[in-house]
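> Provided below for reference: sequence and predicted model.
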Amino acid sequence: KVRLFAFWEKLSGSFWFVPALMVIAAGLLAAVMLTVDDREPDIPISALSWLYTGSPDGARSVLSTIASSMISVAGVAFSITIATLSLASSQLGPRLLSNFMRDRGNQIVLGTFVSTFTYCLLILRFIRSSDDVSFVPHLSVTVALGLAMVSVGVLIYFLHHVSSMIQAQNLIARIGQELETSIERLSSRESDSSPYEYELRDDADIPDDLGDNRAAMTANSSGYLQALDYAHLLRVASDHDVLLDMQYRPGDFVARGSEFVLVYPAERLDDDLEKAVHNAITLGAGRLRIQDVEFLIEQLVEIAVRALSPGVNDPFTAIACLDQLGTTLAGLAERTIPSGYYYDDDGRLRVIGDAVTFQGIVDEAFNQIRQHGKNDVAVTIRLLEVIAIILPRTQTEEQRQALIRQAEMILGGRVRVLCMPRVLGFVFNPISVYYCENAAGALCAMLVEVRNTGTSGLSGRSASGLSRPATWVTAQASCATYPLPVS
């Protein structure tokens, strides 16, 4: 079943599938309309004012005009789509091309134009105008005119859809919706494709000699692990009375010859078991969304990282990505992430999956944004605010520590001081300058301690304000040991 889901994911993401279905539907519609037109009508054609009643030459002219227009507009629409894909690849990242290819609106637009063209060609060949007999499929030509009007509306929709599709905020929101769906699928007990156990039932379920008495099953080909049919693996392990320890999870790259499954006990590994296990694994050239939560997170991270690059310098897009990631992680913190243990009906542990963890997802979401946004105060502050939003909704200490660790890496860093040295035992140090760095070593604040004004005090400014008139903040010296950025 999971392999069918993976196949459908690939099929629906192709740009030809929906247009091909619509072309087939256009052929069937043409056959039905010609059959209706071929019958003797019960009422005169002239009595139907909305029906096309022109001559054979007029019908040919109408159908030829519609067909030529549709194939021209289809070419223009395809060119606009290619230009959009090129723009998205350069500005937002090639990883997001699959989102545009999978967009149902673009597929339906192209399918509408091509299917209307196909319908007109099929009707055109049945028009006859000889001296003995003439045949004009009036109802079929009328339907062609209706399809032409629909195509005009679709063209207007396409121009609006393309212009809104490439906007960063709309793309981020769409990825966020897909990520929410993927999170729900991950943490749902009722999911047929992922019958997880949420924790190990008993430590004794794992054999003591698991590390010594196991055999490795190697991969026959290379590629990304797109899907794993855990239900099938559970049946296979139960039938062969073995324990399968999966070394990879969906989204990981598997190299040919690498050990991707460990079988316990080792003596029960045979060709039949190896073939059955391979049938539950789907490898491919790219990653799929069906079981890969981190893939969607990486798409948002890629948008944010590109927005923070010196060539783009768009912190607002990065902040929008952080907001979406914060919403997702806040919802994930309230759910129970399955640990990846699979038991059979007899209560015996059969499959150990390489499950995702909350800390791993948090690191995947924040690490690169934190590193690339270390010199942008707005992004750094927003990242801390997002962490503060998620923290109250955590359920375990492990979740809280994963978020606190990210905050410490943002705020943590060394403090260097510039002052006058002691000379011959005498101290003359009217001013000391403290340089506060973050964990990446970038200057985030500067504080100045003044001692020759009668009172000792601290004044500081943020690193972002060093090149413009500063707003000074004065405090007592004892109030700040490791100061945070001030503005």
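Right, received. Where do you want to start? No experiment lies behind these values; they were computed from the predicted model shown.

> any idea of the pLDDT on the residue nearest to Asp57 when sequence neighbours are not counted?
With Cβ to Cβ, 6 or more residues apart in numbering as the criterion, Asp57 has its nearest non-adjacent residue at 6.7 Å, and that residue is Ser129. Every C-beta, even on glycine, is put in place using the N, C-alpha and C of the backbone. Ser129 is assigned 76 on the pLDDT scale.

> next one: the one 5 residues further on
For Ser134, the pLDDT comes out at 75.

> show me the helices in the protein, by range?
For the chain, the helices defined by DSSP state H occupy 2-12, 17-38, 56-91, 97-101, 104-124, 138-165, 168-186, 230-240, 271-278, 293-307, 315-333, 358-372, 377-390, 397-411.

> tell me where the model's unsure across the stretch 1-150 of the chain.
1-3, 5-6, 40-50, 131-132 (pLDDT under 70).

> return the residues in contact with the residue nearest to the spatial centre of the chain.
Closest residue to the average C-alpha location of the chain: Leu296 at 2.8 Å, with Cα atoms, centre = their mean. Leu296 makes contacts with Ile175, Glu178, Leu179, Ser182, Arg289, as judged by Cβ atoms under 8 Å, 6 or more residues apart in numbering.

> one more pass at 6 Å, please.
Applying Cβ atoms under 6 Å, 6 or more residues apart in numbering, we find Leu296 in contact with Ile175, Glu178, Leu179, Ser182.

> what score does the nearest residue to it once chain neighbours are set aside have for pLDDT?
Nearest-residue entry for Leu296: Leu179, 4.4 Å, with adjacent residues in sequence omitted and distances by Cβ to Cβ, 6+ apart. We have a pLDDT of 86 for Leu179.

> repeat that for the one 4 residues further on.
According to the predicted model, the pLDDT of Ile183 comes to 81.

> quick one: neighbours of the closest residue in space to it that isn't next to it in sequence, just the number.
Spatial nearest neighbour of Ile183, chain neighbours left out: Leu332 (5.5 Å); criterion: Cβ to Cβ, 6+ apart. By other Cβ atoms under 10 Å, 26 other residues sit near Leu332.

> and the gap between Leu332 and Val133?
71 Å (Cβ to Cβ, to the nearest Å).

> about what we covered before: so the residue nearest to Asp57 touches Pro56, yeah?
Yes - contact criterion Cβ atoms under 6 Å: Ser129 and Pro56 qualify, at 3.6 Å.

> wait, Gly373 touches Leu308, no?
Yes - in terms of Cβ under 6 Å, Gly373 counts as a neighbour of Leu308; the distance is 5.2 Å.

> neighbour count for those two, which is higher?
Remark: of Gly373 and Leu308, Gly373 carries more neighbours, 26 against 23, as counted by other Cβ under 10 Å.

> rewinding a little: nearest to Arg249 among the helices of the chain would be which one?
Shortest distance between Arg249 and the helices of the chain, using Cβ to Cβ, is found for helix 293-307: 9.0 Å.

> from the chain's centroid, how far away is that closest one?
Relative to its chain's centre, helix 293-307 lies at 7 Å (Cα atoms, centre = their mean, to the nearest Å).

> next, the angle helix 315-333 makes with that helix.
Computed with axes from the mean of the first three to the mean of the last three Cα atoms, to 10 degrees, the direction of helix 293-307 lies at 160 degrees from that of helix 315-333.

> what's the angle from helix 293-307 to helix 358-372?
Using the same axes, to 10 degrees, helix 293-307 lies at 10 degrees relative to helix 358-372.

> any figure for the gap between the residue nearest to Leu296 and Val356?
13 Å.

> what do the two both touch?
Overlap of the contact sets of Leu179 and Val356 (by Cβ under 6 Å, 6+ apart) is empty.

> still on that earlier bit, out of the helices of the chain, nearest to Leu349?
Leu349 lies closest to helix 230-240 among those, at 9.2 Å (Cβ to Cβ).

> quick one: average pLDDT of that closest one?
87.

> that helix packs against which elements?
With contacts taken as 3 or more Cβ pairs under 6 Å, 6 or more residues apart in numbering; DSSP states H and E, helix 230-240 sits against strand 349-352.

> tell me how far the strand it packs on lies from the chain's centre.
The answer for strand 349-352 is 29 Å, by Cα atoms, centre = their mean.

> now do stretch 59-70
What separates the centre of stretch 59-70 from the centre of its chain is 42 Å, taken as Cα atoms, centre = their mean.

> which residues are contacting that stretch?
Contacts to stretch 59-70, defined as Cβ under 6 Å, 6+ apart, come from residues Phe113, Thr116, Phe117, Cys120, Leu121, Ile123, Leu124, Ile127, Val136, Val141, Ala144, Ala148.

> what's the most distant pair in those residues?
Phe113 and Val136 (24.9 Å).

> the more surrounded of these two?
It is Phe113, of Phe113 and Val136, that has more neighbours when counted by other Cβ under 10 Å, with 26 against 22.

> hmm, Ala74 and the more buried one touching each other?
Yes - using Cβ under 6 Å, Phe113 makes contact with Ala74 at a distance of 3.8 Å.

> distance-wise, check Leu296 relative to Ser182.
Distance, Leu296 to Ser182, by Cβ to Cβ: 6 Å.

> now swap in Ile206 and tell me
Ile206 sits 29 Å away from Ser182, taking Cβ to Cβ as the criterion.

> Ala333 too?
Plainly put, Ala333 is 16 Å away from Ser182 if you go by Cβ to Cβ.

> who's in contact with Thr317?
Ala168, Ala307.

> apart from its neighbours in sequence, what residue is nearest Thr357?
Distances taken as Cβ to Cβ, 6+ apart put Ile337 closest to Thr357, at 6.7 Å, once the chain neighbours are dropped.

> what about the one you found, neighbour count?
Using other Cβ under 10 Å, Ile337 has 20 other residues around it.
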